[in-house]
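Participant: pasting the structure only:
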């Protein structure tokens, strides 16, 4: 089986993933797909279908919905906790200049668009026996790489140490290489990265292999392709020991693992294509809808005479039975198509909003009413939760590979999607509960943060330090004012005594 073989679930889901990808890419990508999304009418000439494609308009509610949902997730900054020594590395998490927070936004976008992605935590090959100081000197450091839905071609799980874990994965990627025929030109070269667990003296150890197509071959459907390995096998190490797991996190719509779910907005995607086809029909009808002159029984006096239409020209014919009239829409005309477009636009709005619908519980309590308002049990919250769990797992590996303690590493995306500022009455009630001992300092502080009176990225200790600094500043200002007042009075009294 060739290295670029795909998993059976990959083949099954590929049509859905392609529909999502093309619609997210916009009108140009949808038009370029031609008959895939706008089939030709019966016996329709190619030229006519081409014009129909150009006239069709794409109402891209899918991408607008993704942009809006991303805005809700990142309405508040994500909570990112790593040791101080690792924080500088997060300013360039992929070794290509991307900060970790923007990396998280790319992860969330892929999750909303396709419902599936993978993040590989990697470390460059280091010489044997290298120390931490040597690694810093050589700028050896961990990285995270995002692989989209289409790049994760194959995967397999197995039982290791009585646990079901990932034992094999194939990632498709591209490498920019210099064209051998022109040293001033770079071109993309397809490569396939194989990650697996293999038997060794230590037990199961993690191995990486990279393959490319043999020189002179091109990818063709059903073609037999020969692959060659690039470099040798690599056995990454952490703390100078081979890894006994594959540091690849696969995230889905509502879980972390290899299960394949439908894209979360697939119904909206399909409705978008339905609207696109209706739009094409509507625009086609508009093209043919202008009034058309119909002449009956008319014979020109001279062969080749032209007929002019307009208020400045009269058409004269000796034929008493000749008749002329304009043919145009009557009755409903284009109204059914216009209503269909409006109805589909409304349905798309509903389908997009369902990402925020809470999961209905049997009994509606005050707590579930709050959940309904905040969307804490919505599909969007499930996506945010899956990303939080997956990225926390990847970040722990990243931190440990950086030589720090991963125990407290944490990544949490916002799951409070609606502004819910605390009212003055709520604030008074919280204050009273805190003053009476009903709330601890930490609980009171957390409630103020939830009510958006205090920034989410500030800790209780930092907030208390800011308050103490402000109190000291006010005390210093008050002391200075009192001193100035005393000096003024002392000076005034001396003048009066003279």
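Facilitator: Thanks, I have it. What you are looking at is a predicted structure, and each value in this text was computed from that prediction instead of being measured. Numbering: from 1, shown residues only.
Participant: mind checking how far the residue most central in space within the chain is from residue 307?
Facilitator: In the chain, the C-alpha nearest the mean C-alpha coordinate belongs to residue 109, at 0.2 Å (C-alpha atoms, centre = their mean). When distances are taken as C-beta to C-beta, to the nearest Å, residue 109 and residue 307 turn out to be 59 Å apart. Bear in mind the C-beta positions are built from the backbone N, C-alpha and C, glycine included.
Participant: and if you look at residue 466?
Facilitator: In this view, residue 466 and residue 307 are 85 Å apart by C-beta to C-beta.
Participant: would you map the helices across the stretch 251-400 of the chain?
Facilitator: In the stretch 251-400 of the chain, the helices defined using DSSP state H, counting those that start in this stretch lie at 266-288, 335-353, 366-374, 379-401.
Participant: for the protein, which helix is longest?
Facilitator: Looking across the chain with DSSP state H, the single longest helix is helix 460-497.
Participant: now for that helix, which elements pack on it?
Facilitator: Applying 3 or more C-beta pairs under 8 Å, 6 or more residues apart in numbering; DSSP states H and E, one finds that helix 460-497 contacts helix 441-450.
Participant: only the buried residues of the helix it packs on, if you could.
Facilitator: Applying a neighbour-count criterion of 16 or more other C-beta atoms under 10 Å, one finds 444-445, 447-449 buried in helix 441-450.
Participant: and for stretch 177-197?
Facilitator: Neighbour count says stretch 177-197 has 191-197 buried, by 16+ other C-beta under 10 Å.
Participant: these in helices, which ones?
Facilitator: The helices in this structure, assigned by DSSP H, contain none of the buried residues of stretch 177-197.
Participant: thought the residue nearest to the centre of the chain was touching residue 70?
Facilitator: Yes: at 6.1 Å, residue 109 counts as touching residue 70 under the criterion of C-beta atoms under 8 Å.
Participant: quick check: which element contains residue 71?
Facilitator: Element membership of residue 71 [criterion: DSSP states H and E] is helix 61-73.
Participant: and the next element down the chain from that helix?
Facilitator: strand 79-81.
Participant: average pLDDT for the lengthiest strand in the chain?
Facilitator: Longest strand of the chain, by residue count under DSSP state E: strand 182-200. Averaged over strand 182-200, pLDDT sits at 89.
Participant: name the residues that touch it?
Facilitator: Contacts with strand 182-200, where a contact means C-beta atoms under 8 Å, 6 or more residues apart in numbering, come from 3-4, 120, 153, 158, 160, 165, 167-179, 204-213, 219, 227, 230, 242, 244-246, 248.
Participant: so who does the nearest residue to residue 208 once chain neighbours are set aside touch?
Facilitator: In space, residue 208 comes closest to residue 234 once its chain neighbours are excluded; the distance is 4.3 Å by C-beta to C-beta, 6 or more residues apart in numbering. Applying C-beta under 8 Å, 6+ apart to residue 234 gives the contacts 125, 207-209.
Participant: buried ones among these?
Facilitator: The neighbour count (16+ other C-beta under 10 Å) marks 207-209 as buried among those.
Participant: closest to residue 24 out of these?
Facilitator: residue 208 (30.8 Å; C-beta to C-beta).
Participant: distance check, that closest one against residue 231.
Facilitator: Taking C-beta to C-beta, one finds residue 208 at 10 Å from residue 231.
Participant: swap in residue 306?
Facilitator: Taking C-beta to C-beta, one finds residue 306 at 76 Å from residue 231.
Participant: residue 198 too?
Facilitator: Distance from residue 198 to residue 231, by C-beta to C-beta: 17 Å.
Participant: between these two, which one's more packed in?
Facilitator: More neighbours surround residue 198 than the other of residue 198 and residue 231, with 13 against 9 (other C-beta atoms under 10 Å).
Participant: any idea what that one is bridged to?
Facilitator: residue 205 (DSSP bridges).
Participant: what is the neighbour count of residue 394?
Facilitator: With other C-beta under 10 Å as criterion, residue 394 counts 25.
Participant: where does it land on pLDDT?
Facilitator: Residue 394 is given a pLDDT of 97.
Participant: check contacts around it.
Facilitator: Here residue 394 is in contact with 119, 121, 144, 247, 249 (C-beta under 8 Å, 6+ apart).
Participant: could you do residue 37 as well?
Facilitator: By C-beta under 8 Å, 6+ apart, the contact list for residue 37 reads 22, 30, 273, 276-277.
Participant: of the residues you listed, buried ones?
Facilitator: Applying 16+ other C-beta under 10 Å to the contacts of residue 37, the neighbour count classes 22, 30, 273, 276 as buried.
Participant: need the max-distance pair from those.
Facilitator: For these, and using C-beta to C-beta, no pair is farther apart than 22 and 276, which are 10.7 Å apart.
Participant: who touches both of these two?
Facilitator: 30, 37.
Participant: against residue 226, how distant is residue 47?
Facilitator: Residue 47 is 42 Å from residue 226, by C-beta to C-beta.
Participant: ok, how many other residues are close to residue 479?
Facilitator: By other C-beta under 10 Å, neighbour count at residue 479 equals 10.
Participant: nope, residue 4 is what I meant
Facilitator: Residue 4: 17 surrounding residues under other C-beta under 10 Å.
Participant: likewise for the one 5 residues further on?
Facilitator: Here the count is done by other C-beta under 10 Å, and residue 9 has 14 residues near it.
Participant: which helix or which strand is home to it?
Facilitator: According to DSSP H and E, residue 9 maps onto helix 8-25.
Participant: what is that helix packed up against?
Facilitator: For helix 8-25, the packing partners by 3+ C-beta pairs under 8 Å, 6+ apart are helix 27-32, helix 61-73, helix 100-113, strand 152-160, helix 266-288.
Participant: what comes up buried for that helix?
Facilitator: In helix 8-25, counting by 16+ other C-beta under 10 Å, buried: 10, 13, 16-17, 19-24.
Participant: what do you get for stretch 59-76?
Facilitator: For stretch 59-76, burial by neighbour count (16+ other C-beta under 10 Å) applies to 59-62, 65-66, 69-70, 72-74, 76.
Participant: reformat the residues you listed as JSON lines; add pLDDT and distance to residue 286.
Facilitator: JSON lines is the format used below for the buried residues of stretch 59-76 (pLDDT from 0 to 100; distance: C-beta to C-beta, whole Å):
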{"residue": "59", "pLDDT": "89", "distance to residue 286": "16"}
{"residue": "60", "pLDDT": "89", "distance to residue 286": "21"}
{"residue": "61", "pLDDT": "89", "distance to residue 286": "22"}
{"residue": "62", "pLDDT": "91", "distance to residue 286": "25"}
{"residue": "65", "pLDDT": "90", "distance to residue 286": "28"}
{"residue": "66", "pLDDT": "92", "distance to residue 286": "30"}
{"residue": "69", "pLDDT": "90", "distance to residue 286": "34"}
{"residue": "70", "pLDDT": "91", "distance to residue 286": "35"}
{"residue": "72", "pLDDT": "88", "distance to residue 286": "37"}
{"residue": "73", "pLDDT": "91", "distance to residue 286": "40"}
{"residue": "74", "pLDDT": "91", "distance to residue 286": "41"}
{"residue": "76", "pLDDT": "86", "distance to residue 286": "46"}
